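> what follows is a predicted protein model with its sequence.
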Amino acid sequence: KVAGSHETFYYVDEKSSTYSAHYLEDGQALIRSGLRFPLRRMHIRSQFGYRIHPVTGKRAFHRGVDLRGRNGDPVYSVAPGRIVSSSFNKYAGNTIAIRHNDGSVSHYYHLSKKLVKKGQWVRGRQKIAYVGSSGRVTGAHLHFGFQDQNGKWINPMSKRMIATPKLVGKRLENLKNQIKNIRET
């Protein structure tokens, strides 16, 4: 593409909020995959799924991934959304949960310090906390989890926020109608 300015439009999809995002007039998504990672560097210490818990020594389902981090490393929101929880739990320590436009919720556990409060809106890649070792842990790290729109825990490494790089068919037609309405107001 040629450098310069481009006019974009926020498309609101009535059937699937995963398509609600900024698009160019031809239906091309401005950001093809909206999920960003919560740390500057990604090193997975413990995968999503069944594992032997490092503290209890028992086999248990791990509802996220543990990412290596040093105490005090910044933690970033992976996508825009509203803080639905900013609390403390004896197992998860200091926690934050963010509900995103598609109805999914990202979870951040074992934080040393939280920078956001419940009800606050955050941008994608906004600093929300710092890595810590609060709760039941063996050392500093970030537990990063994701729930889908129905509350089911999913592997956060496979989550994508925008389902298509380009709107087609009825969705493209709806975008063009929304653009027409925007320009008429």
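Arrived safely.

> tell me the contacts of the spatially most central residue of the chain?
Centroid-nearest residue in the chain: Val78, 3.7 Å away (criterion: Cα atoms, centre = their mean). By Cβ atoms under 8 Å, 6 or more residues apart in numbering, the contact list for Val78 reads 35-38, 98, 106, 124, 156. (Each C-beta comes from the backbone N, C-alpha and C, glycine too.)

> just among these, which is most surrounded?
Ile98 (25 neighbours; other Cβ atoms under 10 Å).

> quick revisit: format the contacts of Val78 as JSON lines; extra columns: secondary structure.
Converted to JSON lines, the contacts of Val78 look like this (DSSP: H, G, I helix; E, B strand; the rest coil):
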{"residue": "Leu35", "secondary structure": "coil"}
{"residue": "Arg36", "secondary structure": "coil"}
{"residue": "Phe37", "secondary structure": "coil"}
{"residue": "Pro38", "secondary structure": "coil"}
{"residue": "Ile98", "secondary structure": "strand"}
{"residue": "Ser106", "secondary structure": "strand"}
{"residue": "Gly124", "secondary structure": "coil"}
{"residue": "Pro156", "secondary structure": "helix"}
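
> mind listing the helices for this protein?
169-184 (DSSP state H).

> which residues of it score low on pLDDT?
Residue ranges of the chain with pLDDT under 70: 1-6, 15-18, 31-35, 160-165.

> just the strands in it please.
Assigned by DSSP state E, the strands in the chain fall at 8-11, 21-24, 44-46, 49-52, 59-62, 65-68, 74-76, 81-89, 93-100, 105-114, 121-122, 127-131, 141-147, 153-154.

> nearest to Ile182, out of those strands?
Smallest distance to Ile182 across these (Cβ to Cβ): 6.5 Å, for strand 8-11.

> which other residues reach the closest one?
So strand 8-11 is contacted by 19-25, 30, 167, 171, 174-175, 178-179, 182 (Cβ under 8 Å, 6+ apart).

> now flag whichever of those is closest to Gln147.
Looking across these and measuring by Cβ to Cβ, the closest to Gln147 is Ser20, at 18.5 Å.
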